[in-house]
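# Sequence plus the predicted model coming up.
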There are 4 protein chains.
Amino acid sequence: MRLEEMLSTHPRQPQMGVSEISAFIRTCFDCADACLTCADACLNEEQVQRLVRCIRLNQDCADICEITGKMLSRQTEPDKATVRAQLEVCIAACRACAAECDQHAQMHAHCRICADACRECEQACVQMLERFPSRAALI
Amino acid sequence: MRLEEMLSTHPRQPQMGVSEISAFIRTCFDCADACLTCADACLNEEQVQRLVRCIRLNQDCADICEITGKMLSRQTEPDKATVRAQLEVCIAACRACAAECDQHAQMHAHCRICADACRECEQACVQMLERFPSRAALI
Amino acid sequence: MRLEEMLSTHPRQPQMGVSEISAFIRTCFDCADACLTCADACLNEEQVQRLVRCIRLNQDCADICEITGKMLSRQTEPDKATVRAQLEVCIAACRACAAECDQHAQMHAHCRICADACRECEQACVQMLERFPSRAALI
Amino acid sequence: MRLEEMLSTHPRQPQMGVSEISAFIRTCFDCADACLTCADACLNEEQVQRLVRCIRLNQDCADICEITGKMLSRQTEPDKATVRAQLEVCIAACRACAAECDQHAQMHAHCRICADACRECEQACVQMLERFPSRAALI
């Protein structure tokens, strides 16, 4: 609720509803922390060797989702091409991480939960991308 | 709730209750995003020159709270002296940022809300610090 | 030189030459810090109101270049689609930031230097992208 | 050299020599990347289970050194207590990481090199701390 309050009192009002953008930002940060925690959990599993790729993709996905959340938190004149490309890398990272986590989901509940977080974030980015049509799409 | 689920399924169980540690981590990330958004809001105020110090302290506080949240998300063998020192810098950053935001709170609602977020995070860090007694304090 | 040493002793050898990948990573981090410092410098200029968009693009570009440097520092099994998309967002961010900085380059030397850093990083990403051909390009 | 140029053209001149502060910032970022790369290298070692604590301390140290570098890059009115506390947590993180890396230095060259980077950064922070005397020390 604080995020909604912050955005409601921002001198530049978001281009979309405050609750919509707040929900999006929270989804990004939730996914970032799920990925960071999944990497840390994997590191403590007995079969950590099998989870090396999972840890790596968790780390990338955590980093990327965090930046997506930060970029959408800023309401100052964005560069649309950069926002668009950030949403696209976020979709790629979430897809790769979810696909890898899925392979360990039966063994490790944290991988199953993390895969859900990634898919939720991917879906949120796909929807947000529709608000940033590419130049080509405008023709 | 996802954070609670992630920590509940982590092979290393947190040293404190899952809901307690989850609430702490969320407080850190909420403060980080409040500070990032306050900096961005300040940048768009007409009297931005008066808010330069506020923006700077917002940036430091955002960076520091984010790292505190990440460190407490990791359950793998922590170094207690480092965690303690991180909680201490987080308290310092939250105090400095809240004090500066307070001075603009009547003019700018985002500064008022951000000061609240900082005080809440400061308080959470003070309480968490009690769980990491220094060697000196143990004598 | 330490980065070269670190990568030379990594159990997974980089897919390209150690000096080449090290130079790339350094270019990313140099651009990230140039952007962070440019944002901070702009904040202290008398005409900060005219530099608000510059500060915002500096912040995005700093965040994005930092993640690109981190991702290429990791040698553990990368997801090529994610690396590719990260290089693409890095190009977009560097272009947008350089174009904005260029408009202030005559007034502010830090904007001129930052624009150079962005163009150098953009160019490095364009070259690196050639090493990660897209699936479509392979057909 | 670009960092020196950026700081030389900043409207607020650093409180110390430009080459001194630039060297400090670079030391922080070099240590951050050494730690990130050491964590990634450890993850690929056969005896990764023995390196779990090393990876965790690498991650903390990477995060903390990065923030130290960013904070000292910003020349806008700093809060001295916060800078001081950040230097202190950076010293703690570098010490803990160097001590752990030392234990693996004979087996893994990347741990040896990373321990050197941590000690160099620790030493730089100890020296920088002398420039930020505590209130108590001023009495």
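Arrived safely.
# buried stuff in the biggest helix by length in chain A?
What stands out as the longest helix in chain A, according to DSSP state H, is helix A:18-42. Going by neighbour count (16 or more other C-beta atoms under 10 Å in any protein chain shown), the buried part of helix A:18-42 is A:18, A:21-22, A:24-42. For every residue, glycine as well, the C-beta is placed using N, CA and C.
# ok, and of those, which contact chain D?
residue A:40 (C-beta under 8 Å from any C-beta of the partner chain).
# what's the angle from the longest helix of chain A to helix D:18-43?
For helix A:18-42 against helix D:18-43, the angle by axes from the mean of the first three to the mean of the last three C-alpha atoms, to 10 degrees is 60 degrees.
# wait, residue A:86 sits on residue A:71?
Yes: between residue A:86 and residue A:71 there is a contact under C-beta atoms under 8 Å: 5.5 Å.
# list the residues that contact both of these two?
Counting by C-beta atoms under 8 Å, 6 or more residues apart in numbering or on different chains, the contacts common to residue A:86 and residue A:71 are residue C:60.
# near chain B, which residues of chain A?
When proximity is defined as C-beta under 8 Å from any C-beta, chain A approaches chain B at A:2-3, A:5-7, A:9-12, A:25, A:29-30, A:33-34, A:36-38, A:40-41, A:43-45, A:66, A:69-70, A:73-76, A:108-110, A:113-114, A:116-117.
# On the three-state scheme, residue A:77 is what?
In three-state terms, and counting by DSSP: H, G, I helix; E, B strand; the rest coil, residue A:77 is coil.
# circling back: pLDDT (mean, whole number) over the longest helix of chain A?
Averaged across helix A:18-42, the pLDDT comes to 98.
# Please apply the same query to stretch A:73-82.
Summarised as a single mean, pLDDT over stretch A:73-82 is 97.
# list the buried ones in that stretch?
For stretch A:73-82, the neighbour count (16+ other C-beta under 10 Å) marks A:73, A:74, A:75, A:76, A:78, A:79, A:81, A:82 as buried.
# these two touch, right, the fourth one and residue C:54?
When you say that, I think you mean residue A:76. No: with contact defined as C-beta under 8 Å, residue A:76 does not reach residue C:54; the gap is 10.1 Å.
# near chain C at all, the helix or strand hosting residue A:60?
If you go by DSSP states H and E, residue A:60 is part of helix A:52-73. Yes: legend: contact between helix A:52-73 and chain C by C-beta under 8 Å from any C-beta is shown at A:52, A:53, A:55, A:56, A:57, A:59, A:60, A:63, A:64, A:67, A:70, A:71.
# Tell me the one of those residues nearest chain B?
Nearest to chain B out of those is residue A:70 (C-beta to the nearest C-beta; 6.1 Å).
# Identify each buried residue in stretch A:53-70, please.
Buried residues in stretch A:53-70, counting neighbours by 16+ other C-beta under 10 Å, are found at A:53-70.
# Close to chain D as well: tell me which of the residues you listed qualify.
Near chain D, judged by C-beta under 8 Å from any C-beta, the entries from the buried residues of stretch A:53-70 are A:55, A:56.
# and the two most separated of the buried residues of stretch A:73-82?
Spatial extent of those (C-beta to C-beta) is set by the pair A:73 and A:81 at 18.8 Å.
# For chain A, which residues are neighbours of chain C?
Proximity of chain A to chain C (C-beta under 8 Å from any C-beta) is limited to residues A:52-53, A:55-57, A:59-60, A:63-64, A:67, A:70-71, A:74, A:76-79, A:81-82, A:84-86, A:88-89, A:91-93, A:95-96.
# following the host helix or strand of residue A:93, which helix or strand comes up?
Element membership for residue A:93, per DSSP H and E: helix A:80-102. The element immediately downstream of helix A:80-102 (helix or strand, assigned by DSSP H and E) is helix A:109-129.
# What mean pLDDT does that following helix get?
Per-region confidence: helix A:109-129 scores 98 on mean pLDDT.
# Regarding residue A:131, what is its secondary structure?
Under three-state DSSP, residue A:131 comes out as coil.
# Tell me which residues touch it, please.
Contacts of residue A:131 were listed using C-beta under 8 Å, 6+ apart, and they are A:15, A:16.
# Repeat that for residue A:51.
Neighbouring residues of residue A:51 by C-beta under 8 Å, 6+ apart: A:42, A:43, A:45, A:104, A:108.
# And residue A:42, by the same measure?
A:48, A:51, A:54, A:55, A:58, A:104, A:108, A:110, A:111.
# can you tell me how far it sits from residue C:10?
Distance of residue A:42 to residue C:10, given as C-beta to C-beta, to the nearest Å: 20 Å.
# Number of residues surrounding the closest residue to residue A:64 other than its chain neighbours?
Using C-beta to C-beta, 6 or more residues apart in numbering or on different chains and skipping the chain neighbours, the partner closest in space to residue A:64 is residue A:93 (4.3 Å). Around residue A:93 there are 34 other residues, counting by other C-beta atoms under 10 Å in any protein chain shown.
# And for residue A:47?
Applying other C-beta under 10 Å, we find 10 residues neighbouring residue A:47.
# For it, what are phi and psi?
Backbone dihedrals for residue A:47, given as degrees, to the nearest 10, come out at phi -90, psi 50.
# For residue B:11, see how far away the nearest residue to it once chain neighbours are set aside is.
Leaving aside its chain neighbours, residue A:47 sits nearest to residue A:107 (7.8 Å; criterion: C-beta to C-beta, 6+ apart). The gap separating residue A:107 from residue B:11 is 11 Å, by C-beta to C-beta.
# again with residue A:113
Going from residue A:113 to residue B:11 by C-beta to C-beta gives 14 Å.
# What of residue A:53?
Residue A:53 sits 18 Å away from residue B:11, going by C-beta to C-beta.
# circling back: show me what the helix holding residue A:60 is packed up against.
Using 3 or more C-beta pairs under 8 Å, 6 or more residues apart in numbering or on different chains; DSSP states H and E, the elements in contact with helix A:52-73 are helix A:18-42, helix A:80-102, helix A:109-129, helix B:18-43, helix C:52-73, helix C:80-102, helix D:18-43.
# at 6 Å instead, please
Where contact means 3 or more C-beta pairs under 6 Å, 6 or more residues apart in numbering or on different chains; DSSP states H and E, helix A:52-73 is packed against helix A:18-42, helix A:80-102, helix B:18-43, helix C:52-73.
# Fine, thanks again, bye for now.
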